[in-house]
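1. Structure for this input, please:
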Amino acid sequence: MRARGPALLVSLALAAAGVLSLAGDAHADPPPSTAPVVVAAIGDSLSDPRVGGGKYLDVLRKRCPQSRFDSYGKGGEMVNQMRHRFDADIFGPGKPAYTHVIVFGGVNDLYSDLTAGRTPALIERDLTAMYESAHKHGAKVVAVTVTPWGARFYGQTNGDAINAVIQYVSGIVTKEDLPEKALVFHKVNNYVVKNEDVISPAPGVAVIKSIDGYGNKWVKANTYAFLMKTKPAGIQEET
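-> So this is what the prediction gives:
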């Protein structure tokens, strides 16, 4: 697959991989640009330097010393909370003319799916509102995948929720005429994804089942063989 610029895969499993560039332009990939950029990053604790986050911005600053990278991360926030402060924080009076906006959130929404009622549709609504606002202000969007989590226990999702995300990503790819994107759902046992058999690919989205396991390589190999029995048709595999 081709990559387009800086790299939403909102994967509702435990781990996801890849990024989706939501630049407004389409068709052929533009040549790499060396011009400085002014970037705002909105997110949760992973982007909040006050609680030890934002390390990825340090890497970007080091690699791109002529560019500017500002953090608007707030620990513990869900994407609906980010949406409510988005315009004022990033495009309010006295703010720089940001060329790009990094949107890096969602893990707290998934962790609060029961306690806060954060459904895929609500997450999609809030993320889309931020993307559209950035575009209206002339900024390109870099939407970053949800990271793995689950220090206390593994989360759980189902095939219908994953299909909702697949359709969401497919809609963006079609609307923006983007190259194909990868959406990864990850399994380490048979309880992470329920009714997996209903998962189906959509135009512009390569759906990948990623499998890992516990123990030595022989145990993991047995886990792989067992979990591959439920791989739906049209779904690719990764180990």
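2. now for this structure, which residue lies nearest the mean position of the chain?
-> Among the residues of the chain, the one closest to the centroid is residue 145, at 2.0 Å (Cα atoms, centre = their mean).
3. Now do that one, the pLDDT please.
-> Looking at residue 145, its pLDDT is 70.
4. Got phi/psi on it?
-> phi -60, psi 150 (degrees, to the nearest 10).
5. so how far is residue 226 from it?
-> Look at residue 145 and residue 226: by Cβ to Cβ, to the nearest Å, they are 27 Å apart. All C-beta spots, glycine's among them, are computed from the backbone N, C-alpha and C.
6. do the same with residue 130
-> Distance, residue 130 to residue 226, using Cβ to Cβ: 40 Å.
7. In terms of neighbours, single out the busier of these two.
-> residue 130 (21 against 13; other Cβ atoms under 10 Å).
8. pLDDT averaged over the helix or strand containing the more buried one - what is it?
-> Using DSSP states H and E, residue 130 maps to helix 120-136. Helix 120-136 shows a mean pLDDT of 91.
9. Quick check: buried residues in that helix?
-> 120, 122-124, 126-131, 133-134 (16 or more other Cβ atoms under 10 Å).
10. repeat for stretch 222-235
-> Of the residues in stretch 222-235, those buried (16+ other Cβ under 10 Å) are 223, 227, 231, 235.
11. Now do the second one, the pLDDT please.
-> What the model reports as pLDDT for residue 227 is 77.
12. Return the list of helices and strands in contact with the helix or strand containing it.
-> Here residue 227, judged by DSSP H and E, is contained in helix 217-227. Applying 3 or more Cβ pairs under 8 Å, 6 or more residues apart in numbering; DSSP states H and E, we find helix 217-227 packed against strand 205-211.
13. the inter-axis angle of the strand it packs on versus helix 217-227?
-> 130 degrees (axes from the mean of the first three to the mean of the last three Cα atoms, to 10 degrees).
14. Now strand 205-211 - C-alpha only, CSV.
-> C-alpha atoms of strand 205-211 as CSV (Å, rounded to 0.1, in the frame of the first residue of the first chain):
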residue,chain,number,x,y,z
VAL,A,205,-9.9,-0.8,3.5
ALA,A,206,-7.7,-3.8,4.0
VAL,A,207,-8.9,-5.6,7.1
ILE,A,208,-6.2,-7.5,8.9
LYS,A,209,-6.5,-10.0,11.8
SER,A,210,-3.4,-9.9,14.0
ILE,A,211,-2.8,-12.8,16.3
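15. Tell me the buried residues in it?
-> 205-211.
16. will you turn those into JSON lines that also has pLDDT and distance to residue 173?
-> Putting those into JSON lines (pLDDT from 0 to 100; distance: Cβ to Cβ, whole Å) gives the following:
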{"residue": "205", "pLDDT": "90", "distance to residue 173": "7"}
{"residue": "206", "pLDDT": "88", "distance to residue 173": "10"}
{"residue": "207", "pLDDT": "87", "distance to residue 173": "13"}
{"residue": "208", "pLDDT": "84", "distance to residue 173": "15"}
{"residue": "209", "pLDDT": "80", "distance to residue 173": "20"}
{"residue": "210", "pLDDT": "77", "distance to residue 173": "20"}
{"residue": "211", "pLDDT": "76", "distance to residue 173": "25"}
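17. can you redo those as TSV with distance to residue 62?
-> As requested, these are exported to TSV (distance: Cβ to Cβ, whole Å):
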residue	distance to residue 62
205	33
206	32
207	35
208	31
209	35
210	30
211	35
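18. Tell me which two in the residues you listed are the farthest apart.
-> Farthest-apart pair in those is 205 and 211; separation 19.3 Å (Cβ to Cβ).
19. which residues in the protein form helices?
-> 55-63, 79-91, 107-111, 120-136, 159-176, 217-227 (DSSP state H).
20. Show me how far the shortest one is from its chain's centre.
-> To tie it back to what came earlier, the one meant is helix 107-111. The chain centre lies 12 Å from the centre of helix 107-111; the measure is Cα atoms, centre = their mean, to the nearest Å.
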